[in-house]
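Peer 1: no letters, just coordinates:
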């Protein structure tokens, strides 16, 4: 018996006669508007974020998903939540691995080559610019797109490139920059960003560039509504194809035995080292998939993002087929197939290969390696789901190791107590 949903899915949305009319008007108008598209088969390219959970909720893709090229991406949050680390590590590093070019507009003057190298990046390959005001920042975006397009024509290669704007809140207006203190006008700041977005959004689409904007939160003085709001007016809220809110959830400490665990600042021992944090990534707006989904991932100060942190829960809750049905479902019991076996699951109705939450990664390695493609997974070093994953190793030279170790001895151990204060001073 055919269900109502199956009958609805089998019914064509556009009839043949109606589609013929659409093709006729398309052929007629294309003479005057060459960019008029029908059957838009343009493929959106994505830059992997380095974490499978983020890729799924940000683009609804696994392995080849992440941050979308040709779009504006905004990430905002409170201080010391990992926004700059995620932008530099998960975007610019990946762009370099893809053979592309990465630009960093550092309005906060907070970039440190030694720390960036400790995260696994190469600061020598990073193009850094410190714009003085908003107009210069958006002019730099347009000029960077223009120069990369010239380079593409000369080389004949489709060079991927991304621009990180860190941060939107750090740029003053031209009037504020020239006249100094006491001349701030938040209305003019919002209008300047709005005009910059209008000028840049079409060129970003044509060049397939990626503009990643890091933003901050400010307390609102309104009696009603949200207590916090992002800086820059409503420009990013309208022009960004993906807006995500990053929050610091928990702290990760490493004991003297090398075990990484979640602890509070008061619960950590004096010998424990603050090595990372668990962040909460929440999608507030998206043009690619279902919005308002959130995931948690681990961000380490050495080695960067853990590629499969929170992987099982994300797939179970958010991995659906084209009809919106969950692809991970309960596995049937062996004695009675009509009943669900507690604690056992299967993918796409594969009753022959079931798994539990703890054996999930082993199942993927043996049966679904396609879900692990594009991510670094060390089968021996990584712990199974339900435990913390080991810190990813970073290949650096002995001189760089000595410099990073010196940096750690000078102040890294005290970062857990001073992170909030230093971040507040930075803002």
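Peer 2: On my side now, so go ahead. All of these numbers come straight from a predicted model, not from anything done at the bench.
Peer 1: pull the distance from the helix or strand hosting residue 58 to the chain's centre.
Peer 2: For residue 58, the element it lies in under DSSP states H and E is helix 52-59. How far helix 52-59 lies from its chain's middle: 8 Å, per C-alpha atoms, centre = their mean, to the nearest Å.
Peer 1: beyond it, next helix or strand please.
Peer 2: For helix 52-59, the following helix or strand on the C-terminal side (DSSP H and E) is strand 67-68.
Peer 1: partner strands of that next one and their direction?
Peer 2: Strand 67-68 pairs in its sheet with strand 46-47 (antiparallel), by DSSP bridges.
Peer 1: packing partners for the helix holding residue 58?
Peer 2: When contacts are defined as 3 or more C-beta pairs under 8 Å, 6 or more residues apart in numbering; DSSP states H and E, helix 52-59 packs onto strand 67-68, strand 273-286, strand 294-300, helix 311-318. All C-beta atoms are positioned from the backbone trio N, CA, C, and that covers glycine.
Peer 1: select from the ones you listed the stretch with the lowest mean pLDDT.
Peer 2: Between the helices and strands packed on helix 52-59, the one with the least mean pLDDT is helix 311-318; it has a mean of 80.
Peer 1: quick one: strands adjacent to the helix or strand just after it?
Peer 2: Downstream of helix 311-318, the first helix or strand assigned by DSSP H and E is strand 328-332. The pairing partners recorded for strand 328-332 under DSSP bridges are strand 340-347 (antiparallel).
Peer 1: could I get the buried residue list for the following helix or strand past the strand it pairs with?
Peer 2: Per DSSP H and E, the first helix or strand lying C-terminal to strand 340-347 is helix 360-367. Neighbour-count burial for helix 360-367 flags 360-361, 363-364 (criterion: 16 or more other C-beta atoms under 10 Å).
Peer 1: name the helices or strands packed onto helix 360-367?
Peer 2: When contacts are defined as 3+ C-beta pairs under 8 Å, 6+ apart, helix 360-367 packs onto helix 311-318.
Peer 1: what comes up buried for the helix holding residue 58?
Peer 2: Buried, per 16+ other C-beta under 10 Å, within helix 52-59: 52-59.
Peer 1: can you put those in CSV and add pLDDT and distance to residue 157?
Peer 2: Shown next, in CSV, are the buried residues of helix 52-59 (pLDDT from 0 to 100; distance: C-beta to C-beta, whole Å):
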residue, pLDDT, distance to residue 157
52, 85, 28
53, 87, 32
54, 90, 28
55, 89, 25
56, 87, 30
57, 90, 31
58, 91, 26
59, 89, 24
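Peer 1: nearest to residue 111 among these?
Peer 2: Nearest to residue 111 among these: residue 54, at 22.6 Å, using C-beta to C-beta.
Peer 1: what sits against the nearest residue to that closest one once chain neighbours are set aside?
Peer 2: Leaving out its chain neighbours, the residue that sits closest to residue 54 by C-beta to C-beta, 6 or more residues apart in numbering is residue 281, at 5.7 Å. Contacts for residue 281 (C-beta atoms under 8 Å, 6 or more residues apart in numbering) come out as 53-54, 57, 244-246, 294-297.
Peer 1: please apply the same query to residue 151.
Peer 2: Residue 151 touches residue 159, counting by C-beta under 8 Å, 6+ apart.
Peer 1: tell me the SS of it?
Peer 2: Following DSSP: H, G, I helix; E, B strand; the rest coil, we place residue 151 in the helix state.
Peer 1: so how far is residue 90 from it?
Peer 2: Distance of residue 151 to residue 90, computed by C-beta to C-beta, to the nearest Å: 24 Å.
Peer 1: where along the stretch 101-250 of the chain do the helices fall?
Peer 2: Taking DSSP state H, counting those that start in this stretch, the helices of the stretch 101-250 of the chain run over residues 113-118, 134-155, 174-179, 186-207, 235-239.
Peer 1: how about residues contacting the shortest one?
Peer 2: Counting contacts by C-beta under 8 Å, 6+ apart, the residues outside helix 235-239 that touch it are 72, 74, 168, 190, 193-194, 196-198, 201, 213, 215, 230, 243, 285.
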